[in-house]
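Asker: Next one to model:
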Amino acid sequence: VSYTAGATSGDADTFTITNYASTSDADNAELVSQFNDILDQIDKLSADSSYNGVNLINGTGSDLTVAFNEHRDDRKSELTISSADLTSSGLKVSKASSLSADESNLKLDSLSEALSSLRKQGSTFGSKLNTVTIREGFTKESINTLQTGADALVLADSNEEGANMLALQTRQQLSTTSLSLASQADQAVLRFLRA
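Answerer: A predicted model of the protein is given here:
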């Protein structure tokens, strides 16, 4: 069996069987068993891949919705990540029975298509992950900014704030005293002029 990757991401990968005639029936039966075991493992892996009770790859159709804020419905911002069926049946790869030359070529073609489907779905999941990561960074920066502001309000130095308040009260008292003295001086001048 030989494998050739597509030249570009859009080109299909190709598998080719060579020298099939030299495979014995015992070897062929072992290959059938291994192929079917791998398909069973793919199905088990897809069934076990869940996060917070949501499995995006087992074909159950349970999508994941990521809420970026908790505003009212008219201002809600969220991202829905659609699930995909990445089981062996969803990838359209069926179990082998004899792996004859014709069946082997059909299986290799279906594996090539499955690989292409996996790459496309991986790209889709990667794009969604990038969006979530960017929003997560923005949210963390917002939290840090708000936390710094809250700390500045709550963790103020009481001695410094007390000294500032005393200085302000002293200024107010001096202003009041100076106004009172100015008023008394004006009255003294008026009394002097009347006399």
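
Asker: Does anything pack onto the longest helix along the chain? Which helices or strands?
Answerer: Once the chain is assigned using DSSP state H, the helix that runs over the most residues is helix 101-154. The contact analysis (3 or more C-beta pairs under 8 Å, 6 or more residues apart in numbering; DSSP states H and E) places helix 101-154 against strand 14-16, strand 78-81. Where C-beta positions appear, they are placed from N, C-alpha and C, glycine not excepted.

Asker: Low-confidence ranges, the chain, go.
Answerer: By pLDDT under 70, the low-scoring segments of the chain are 1-24, 72-73, 195.

Asker: how distant is the longest helix of the chain from the center of its chain?
Answerer: 6 Å (C-alpha atoms, centre = their mean, to the nearest Å).

Asker: do stretch 34-41 as well
Answerer: When C-alpha coordinates are averaged (C-alpha atoms, centre = their mean), stretch 34-41 and its chain have centres 32 Å apart.

Asker: Quick test: name the residue nearest the centre of the protein.
Answerer: Centroid check for the chain by C-alpha atoms, centre = their mean gives Val132 as the closest residue, at 3.0 Å.

Asker: Quick check, it in contact with Ala67.
Answerer: No - Val132 lies out of contact with Ala67 (C-beta atoms under 8 Å); the separation is 10.9 Å.

Asker: just to revisit the earlier point, what sits against the residue nearest to the centre of the chain?
Answerer: Val132 makes contact with Val66, Leu79, according to C-beta atoms under 8 Å, 6 or more residues apart in numbering.

Asker: Tell me the bridge partners for Asp85.
Answerer: Following DSSP bridges, Asp85 is listed with bridge partners Asn58.

Asker: Distance-wise, check it relative to Ile57.
Answerer: 8 Å (C-beta to C-beta, to the nearest Å).

Asker: And Ser33, by the same measure?
Answerer: Computed as C-beta to C-beta, the Ser33 to Ile57 distance reads 25 Å.

Asker: These two: which has the busier surroundings?
Answerer: Neighbour count, other C-beta atoms under 10 Å: between Ser33 and Ile57, Ile57 has more, with 19 against 11.

Asker: Can you pull the phi/psi pair for the more buried one?
Answerer: phi -120, psi 10 (degrees, to the nearest 10).

Asker: residues contacting it?
Answerer: Contact partners of Ile57, counting by C-beta under 8 Å, 6+ apart, are Ser46, Ser49, Ser83, Ala84, Asp85, Leu86, Thr87, Gln121.

Asker: got these as JSON lines, with neighbour count and distance to Glu141 columns?
Answerer: Listed next are these as JSON lines, based on neighbours: other C-beta atoms under 10 Å; distance: C-beta to C-beta, whole Å:
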{"residue": "Ser46", "neighbour count": "22", "distance to Glu141": "36"}
{"residue": "Ser49", "neighbour count": "12", "distance to Glu141": "31"}
{"residue": "Ser83", "neighbour count": "17", "distance to Glu141": "31"}
{"residue": "Ala84", "neighbour count": "21", "distance to Glu141": "32"}
{"residue": "Asp85", "neighbour count": "17", "distance to Glu141": "37"}
{"residue": "Leu86", "neighbour count": "22", "distance to Glu141": "34"}
{"residue": "Thr87", "neighbour count": "19", "distance to Glu141": "39"}
{"residue": "Gln121", "neighbour count": "19", "distance to Glu141": "31"}
